[in-house]
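> just the structure for this:
(2 chains)
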Amino acid sequence: MDALILQVLNGLDKGSAYALIALGLTLIFGTLGVVNFAHGALFMIGAFCAVTVQRFLSLSFLTVDETQKDFLGNPLKVKTPYVESWFGPEVGTAIIDWSVPLAILFAIPIMLAVGFIMERGLIKHFYKREHADQILVTFGLAIVLQELVKHYYGANPIPTPAPDAFKGSFDFGALIGFEANTIIYPYWRLVYFAFSALIITGIFSFLRFTTFGMVVRAGMADRETVGLLGINIDKRFTIMFGIAAAVAGLAGVMYTPINSPNYHMGMDFLVLSFVVVVVGGMGSLPGAVLAGFLLGILESFASFSPIKNFFENWLFLPSIDQIIIYLVAIVILLTRPRGLMGRKGVMEE
Amino acid sequence: MFGLNQKDARLLLIVALLALLAPFLLNPFPTDSAMAQFNAGYPDLMQRFAIFGILAIGYNILFGLTGYLSFGHAAFLGAGSYSAVWMFKLLSYNIVPGIILSVIMAGLFSLLIGFISLRRSGIYFSILTLAFAQMSFALAYSVLTPITNGETGLQVYTDDPQYLQSVDAPNVPNLFGIVMRDTYTLEVGAWSFDFNNGYYLCAILMIAAFYLSVRIYRSPFGLMLRAVKSNQQRMNYTGLSTRPYTLAAFVISGMYAGLAGGLLASMDPLAGAERMQWTASGEVVLMTILGGVGTLIGPILGAGFIKYFENIFSKINDATLHSWFGFLPDGIENGVVWVLEHFVGAGWHMTLGVLFMLVVIFLPGGLVEGGQKLWAWAFKRGTGGKDKTSGSTNPAE
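Numbers count the residues shown, from 1 in each chain, chains lettered A, B, ... in the order given. Take a look at the predicted model:
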């Protein structure tokens, strides 16, 4: 039982990332009717916002400290981050330590701006073109963004640690009445899950309870009629694109302590997120979230050693966890072609 | 000629001549001159021209005729390569069984993937094929390590059985004793031209593949595929099931990809998982749209263009750029070099991405359409341009 709970928990963090990216994809698809192959790149840019903030905060100057000697006997050169010299050592260290959460503040305006520029500068011109053209142009954009990041940040993963307060793990099992040391869970993954749950709730209530959200939902259902009522629906859709970009970016920022970001993380997540969207049902927001968590947990169960060993020993498929999502997606599409919660008439030309 | 009308026969003749005379055409600069770095007439590159030409021709049968945008063709290429290398390991270095098996395996594999993916159309289809390609990559990279040798890649070892390998047969890929990597070099004055056995095999197969694709284009089957592209719903309403036709097109293009994969392995007996990555699939798509989707000769042009510039761009480095722009004032020179260095050397993928976007945005008909527009502009002032609107890819020439 405790092992099962642990697998569910392990699936939550990846599931959250899938759910957030898939949510953004579905938002863009539902509003603008565009399939955004560059959405994974947005996730990656978000992660590199965190890297940038971390690097920026730890910019330092060198001072020669005469009181200390290095191993050659010369006066030791000490690196002092500018932040520490401005705010004093304690506050400064704390700021550097909290660079990942701080990066959220930095990432929101950046991602909104990236989203607006992408939509106004490129995607706007592709509303009337074929879906194939939209896919191709965003695919090209994804390559360009990815290569830019590779050019400036290098090809290796860049470790971006979580704040000290959230490092390490805690005994989750003891909290819910299991024996001690059966369910050990890292703090940050819980933070990630809580964060994404917050964002998902935020997006849903935004669409549900605000006038803006109501208009957007109306536009998703029938764009033309909303336009005829004298509402500038294009502007609202552009804003939604920006929001979707920001959601992907924030998912990326917070994901950095779990997996060190590298330039191709976007594409790795994108393909799986597309599978998530298809499984959830194209155009269905709850479907995207549900399928994201389901597939994340499924992947975690497939990497659970008894199950993995079963596949390896009896079906000769080692590391089943790498392909399980695709296999399940195939089965779902063969039995429920519209996905779990897909609506009729969406993308069925 | 060969059951083609005059126009198609001329096109086939042009392709055949280009392919067979490639060693001359691609080496226009003397070996010692400064321009020699733009020569493309060496065996390895010429082989890739022909092999990726075959891949793009096959891809075009699916994408150009039916409009189904597949992002998974690299999987078939990889399947072909793996099958060919397995034949080398088990039977002998004779490439015939390898190539035959690679075509068959890729055909079966595409039948399986196509059967599932073609249940949906449009975006769903693209996403499904992309997912399958990633799945095949994961399979090749880790899951099926006993068959694919995982990260290391599959290659022939000395302790492999090779049951049919006779003692006096060459110990490298060969066609009944004709060694693929053997090259005859012809020196004419300052020029040298390489005639490579492997290249000629690829070129002849490419011409055959091209001929087959022309026949498919002009057949009732090809017409049916084009009808699927223009309005599948109407086809369905007339009581006709389009799926057998699209599936056939998918399998045919998968077999082309398998042939290309088998040839890749025959030229260099290695097969690695990276051949199946999504970037490889993206490259095929780009070759086809760059040349001209739905045109006959476009994919070959696109494949040649991309492989040529990949080769040239990867060779250029900062020093080369500085020497080229040395005549500019220092500040401007540094600026120009700073911009350009993103695109050369390791930045080739960036160029690929930018090219991808530019072609889709400004030239949806690809090089062929661009050429036609230019032709119209130069010779029939005023009449051209408007009648060849973008987006409608006329499936001809």
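
> can you count the residues close to residue 244?
No chain in the question, so chain A it is. 29 (other CB atoms under 10 Å in any protein chain shown). Just so you know, the C-beta spots here come from the backbone N, C-alpha and C atoms, and that holds for glycine as well.

> the intended chain is chain B.
Other residues within reach of B:Pro244, judged by other CB under 10 Å, total 11.

> now name the helix or strand holding the spatially most central residue of chain B.
Central residue of chain B (CA atoms, centre = their mean): B:Phe52, 2.3 Å from the mean position. If you go by DSSP states H and E, B:Phe52 is part of helix B:43-66.

> buried stuff in that helix?
Within helix B:43-66, the residues scored as buried using 16 or more other CB atoms under 10 Å in any protein chain shown are B:43, B:45-66.

> and it, how far out from the chain's middle?
On the basis of CA atoms, centre = their mean, to the nearest Å, helix B:43-66 sits 3 Å off its chain's mean C-alpha point.

> check which helices and strands it sits against.
With contacts taken as 3 or more CB pairs under 8 Å, 6 or more residues apart in numbering or on different chains; DSSP states H and E, helix B:43-66 sits against helix B:22-25, helix B:73-90, strand B:191-196, helix B:197-218, helix B:220-230, helix B:243-267, helix B:278-291, helix B:298-315.

> apply 7 Å and report the result again.
Contact analysis of helix B:43-66 by 3 or more CB pairs under 7 Å, 6 or more residues apart in numbering or on different chains; DSSP states H and E lists strand B:191-196, helix B:197-218, helix B:220-230, helix B:243-267, helix B:278-291, helix B:298-315 as its packing neighbours.

> could you export it as CSV, CA atoms only?
The C-alpha trace of helix B:43-66 is given here as CSV (Å, rounded to 0.1, in the frame of the first residue of the first chain):
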residue,chain,number,x,y,z
PRO,B,43,31.5,10.0,-52.6
ASP,B,44,30.0,10.4,-49.1
LEU,B,45,28.1,13.5,-49.9
MET,B,46,26.9,12.3,-53.3
GLN,B,47,25.6,9.1,-51.7
ARG,B,48,23.6,11.2,-49.2
PHE,B,49,22.2,13.3,-52.0
ALA,B,50,20.8,10.2,-53.7
ILE,B,51,19.7,8.5,-50.5
PHE,B,52,17.9,11.5,-49.1
GLY,B,53,16.5,12.1,-52.5
ILE,B,54,14.8,8.7,-52.4
LEU,B,55,13.5,9.4,-48.9
ALA,B,56,12.0,12.8,-50.0
ILE,B,57,10.5,11.3,-53.1
GLY,B,58,8.8,8.7,-51.0
TYR,B,59,7.7,11.2,-48.4
ASN,B,60,6.2,13.3,-51.2
ILE,B,61,4.0,10.4,-52.3
LEU,B,62,2.3,10.6,-48.9
PHE,B,63,2.4,14.4,-48.1
GLY,B,64,2.3,15.8,-51.6
LEU,B,65,-0.5,13.6,-52.8
THR,B,66,-2.7,13.0,-49.8
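
> ok and it relative to strand B:191-196, angle-wise?
Put simply, helix B:43-66 runs at 60 degrees to strand B:191-196, going by axes from the mean of the first three to the mean of the last three CA atoms, to 10 degrees.

> okay, the angle between helix B:43-66 and helix B:298-315?
Interaxial angle of helix B:43-66 relative to helix B:298-315 (the same axes, to 10 degrees): 140 degrees.

> and the residue nearest to B:Pro43 when sequence neighbours are not counted, how many neighbours does it have?
Excluding the flanking residues, the one nearest B:Pro43 by CB to CB, 6 or more residues apart in numbering or on different chains is B:Asn196, at 3.6 Å. Applying other CB under 10 Å, we find 23 residues neighbouring B:Asn196.

> so B:Asn196 versus B:Leu263, what's the distance?
Remark: distance between B:Asn196 and B:Leu263 (CB to CB, to the nearest Å) = 13 Å.

> repeat for A:Ser58
A:Ser58 is 52 Å from B:Leu263, by CB to CB.

> residues of stretch A:120-131 that come out buried?
Residues A:122-123, A:126, A:129, A:131 are the ones in stretch A:120-131 that count as buried (16+ other CB under 10 Å).

> how long is that stretch end to end?
Start to finish, the residues bounding stretch A:120-131 are 18 Å apart (CA to CA, to the nearest Å).

> so does that stretch get close to chain B?
Yes - contact of stretch A:120-131 with chain B (CB under 7 Å from any CB of the partner chain) involves A:His131.

> quick check: the closest residue to B:Tyr82 other than its chain neighbours vs chain A, distance?
The spatial neighbour of B:Tyr82 that comes closest, neighbours along the chain excluded (CB to CB, 6+ apart), is B:Ala271 at 4.7 Å. Separation of B:Ala271 from chain A (CB to the nearest CB, to the nearest Å): 19 Å.

> what is B:Ala271 paired to in the beta sheet?
For B:Ala271, the beta-bridge partners are B:Leu154 (DSSP bridges).

> which residues touch it?
By CB atoms under 7 Å, 6 or more residues apart in numbering or on different chains, the residues touching B:Ala271 are B:78, B:81-82, B:85, B:153-154, B:265.

> ok, those vs chain A, which is closest?
B:Gly78 (15.0 Å; CB to the nearest CB).

> B:Met276 is in contact with the closest one, correct?
Yes - B:Gly78 lies in contact with B:Met276 (CB atoms under 7 Å); the separation is 3.6 Å.

> list residues touching both of the two?
B:136, B:140.

> buried residues in stretch A:275-287?
Within stretch A:275-287, judged by 16+ other CB under 10 Å, the buried ones are A:275-285, A:287.

> which of the residues you listed fall in helices?
A:275-280, A:285, A:287 (DSSP state H).

> pull the most distant pair out of those.
A:Val275 and A:Leu285 (16.8 Å; CB to CB).

> what does chain A put close to chain B?
Checking chain A against chain B by CB under 7 Å from any CB, the hits are A:35, A:131-133, A:135-137, A:139-141, A:143-144, A:147, A:151, A:267, A:271, A:274-275, A:278, A:317-319, A:322-323, A:326, A:329-330, A:333-334, A:337, A:347, A:349.

> how close does B:Pro269 sit to chain A?
Separation of B:Pro269 from chain A (CB to the nearest CB): 26 Å.

> what's that residue sitting at in phi/psi?
The phi and psi values for B:Pro269, taken as degrees, to the nearest 10, are phi -70, psi 60.

> burial of it, as a residue count?
By other CB under 10 Å, 21 other residues sit near B:Pro269.

> that one and B:Ala84, how far apart?
B:Pro269 is 8 Å from B:Ala84, by CB to CB.

> and for A:Phe195?
Counting by CB to CB - A:Phe195 and B:Ala84 are separated by 49 Å.

> which of the two has more neighbours?
Higher neighbour count among A:Phe195 and B:Ala84: B:Ala84, with 31 against 20, using other CB under 10 Å.

> and the nearest residue to B:Leu90 once chain neighbours are set aside, how far from chain A?
Spatial nearest neighbour of B:Leu90, chain neighbours left out: B:Pro161 (6.1 Å); criterion: CB to CB, 6+ apart. As judged by CB to the nearest CB, B:Pro161 and chain A stand 21 Å apart.

> now B:Pro161, what's its secondary structure?
Recorded secondary structure, B:Pro161: coil (DSSP: H, G, I helix; E, B strand; the rest coil).

> that one: neighbour count?
Around B:Pro161 there are 10 residues (other CB under 10 Å).

> local confidence estimate at it?
The model reports B:Pro161 with a pLDDT of 79.

> pick out the most distant pair among the buried residues of stretch A:275-287.
Top of the distance list for the buried residues of stretch A:275-287 (CB to CB): A:Val275 and A:Leu285, 16.8 Å.

> show me what contacts A:Pro81?
Here A:Pro81 is in contact with A:57-60, A:92, A:96 (CB under 7 Å, 6+ apart).
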